[in-house]
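> make a model of this:
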Amino acid sequence: MLPPRRVAVPVVLGVVATAYGWWRVPVAARNRLWAEDGRVFLSDALAGVPPWSSYDGYLHLVPRLLAEAIVAVIPPARYDLATTAVSVATVGLVCALTYLLTEDLLDRVAVRCLVALVPVLLPAAGFELLGNLANLHGFGLWLGFWLVLHRPRTRSAAAWWAVAGLLIGLSEIVVVLLVPLLVVGWRDRERWLPRGALLAGGLAQVVVSRVQPRPPRGGDGWSPADLALGFAGQAGSAAWTDTGGLAARIVEIAGATGLLVLLVPPALALAVLLRHGDARHRALAGGLLLTSALVWAVSVVLNFDSWMSFGAWEPQQWRAVGLLRYATTSGLFLCALPVVALDLVRVRWQRALAVGVGVVVLGAGLATGRSHGVARESGEAWPTTQELVSRCAGRPAGSISVPIAPPRHPWVATIPCRSVVGGP
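Purely as a prediction, here's the structure:
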């Protein structure tokens, strides 16, 4: 049986993370569905599409399973709030599990707690990632990172982590980018059951993407300079803000190359961890930076468009476009570097410095807790029961299309009228 503290701390963290994540989603966004949440996951669940079906060339098992649960127990008029709540609660679970996975990687409980809360504290997470099923895969990648480096204590623990690894792999194809981390402890048998399950899910993703490829997108024209400056301006900003305003201001003052200043905090943390840390800390430092850079580079290259010439962006373009969702996922790992470095604190002056860093990290997260604007706020509010019943009047065997965010695309959720008014 687990000691009370080993159970209590992650449970409290999960509850706190869920409550804070719910608060971060503005009231106006909670009753709006975002993109694939409505058009794919909920609509497919209502239509009886199996949760292992692919969409856009990939598997999305966890979002589909959550959508199945929602339509099974929640009335249609509450799909909006239920989707937001379930999505936020899943991120809270990710935070709790992160704490458990860092048990053998970090020494200080306070540092483990702060690392575990990064997914809900990250300023940029509030704009698009929090509160919807479509972007849970980014948090799955975060959890997969810690799972790969974790060494389970027992065989039964390894089996449970293998279940988590398989679910992550079957929901996020980008887990294949974690393969370089497998060199850490590669001779340790206890690590390979969860790692193997994660890789099995990733391999299934690769097979599906080859058999049922997504529509062509991305193209030529990207350059290493654009990737580097975009990484600095986008992922580097994610730890401080949820808009492009900070990057715009830097470009105004120092030009595009000035964006590299945003990489100074993680670079200093990397240097400290490599110089003063043990093998665990060095593996974490290199892994966090490598994963952050790979996620950004692969995401941009595979989805490249001519407007992604970040090195040529003027300040007004940084402000207008803001931070991409790739920046937020990449920023999770970049933001964690200074937090992990706090684990090296040993003497009094280091404790004072650690408190300062912790205050800065928490302050940046709390100061931007409520986003300046959430992507789905521009969509239509989810209809009430009366509105759904009215639209289904006279067509009990038919279905209705409900507009959802983003409004600039023809995104709709298809709701069978039998779900609204009852019937076979």
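
> can you name the element that comes right after the helix or strand bottoming out on mean pLDDT in the chain?
Within the chain, confidence by mean pLDDT, DSSP states H and E is lowest for helix 348-367 among all helices and strands, at a mean of 68. The helix or strand immediately downstream of helix 348-367 is helix 385-392, counting by DSSP states H and E.

> quick check: buried residues in that following helix?
Buried residues in helix 385-392, defined by neighbour count with 16 or more other C-beta atoms under 10 Å: L388, R391, C392. Just so you know, the C-beta spots here come from the backbone N, C-alpha and C atoms, and that holds for glycine as well.

> next one: stretch 253-260
The neighbour-count check on stretch 253-260 (16+ other C-beta under 10 Å) flags A256, G258, L259, L260 as buried.

> which of the residues you listed lies closest to T329?
The closest of the buried residues of stretch 253-260 to T329 turns out to be L259 (C-beta to C-beta; 18.8 Å).

> what residues does the closest one make contact with?
By C-beta atoms under 8 Å, 6 or more residues apart in numbering, the contact set of L259 is L229, A232, G233, G236, A247, I250, V251.

> sketch out the low-pLDDT regions of the stretch 301-424 of the chain for me.
Regions of the stretch 301-424 of the chain meeting the criterion pLDDT under 70 cover residues 347-355, 357-358, 361-362, 364-367, 369-372, 408-409, 423-424.

> switch to 80 and redo it
345-375, 378-379, 394-396, 407-410, 422-424 (pLDDT under 80).

> what is the nearest of the buried residues of helix 385-392 to G165?
Of the buried residues of helix 385-392, the one sitting nearest to G165 (C-beta to C-beta) turns out to be L388, at 39.1 Å.

> list the residues that contact that closest one.
Residues near L388 by C-beta under 8 Å, 6+ apart: P76, A77, I400, I415, V420.

> nearest spatial neighbour of it, skipping sequence neighbours?
Using C-beta to C-beta, 6 or more residues apart in numbering and skipping the chain neighbours, the partner closest in space to L388 is V420 (4.7 Å).

> next: G311.
Excluding the flanking residues, the one nearest G311 by C-beta to C-beta, 6+ apart is L229, at 4.5 Å.

> same question for P403.
E380 (4.8 Å).

> on that earlier part again, now the contacts of L388 as TSV including neighbour count?
TSV is the format used below for the contacts of L388 (neighbours: other C-beta atoms under 10 Å):
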residue	neighbour count
P76	25
A77	17
I400	20
I415	23
V420	23
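
> in CSV: the residues you listed, plus secondary structure and distance to L147.
Shown next, in CSV, are those (DSSP: H, G, I helix; E, B strand; the rest coil; distance: C-beta to C-beta, whole Å):
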residue, secondary structure, distance to L147
P76, helix, 36
A77, helix, 38
I400, strand, 41
I415, strand, 36
V420, helix, 41
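
> rewinding a little: now do the residue nearest to L388 against R32, distance only.
Distance, V420 to R32, by C-beta to C-beta, to the nearest Å: 19 Å.
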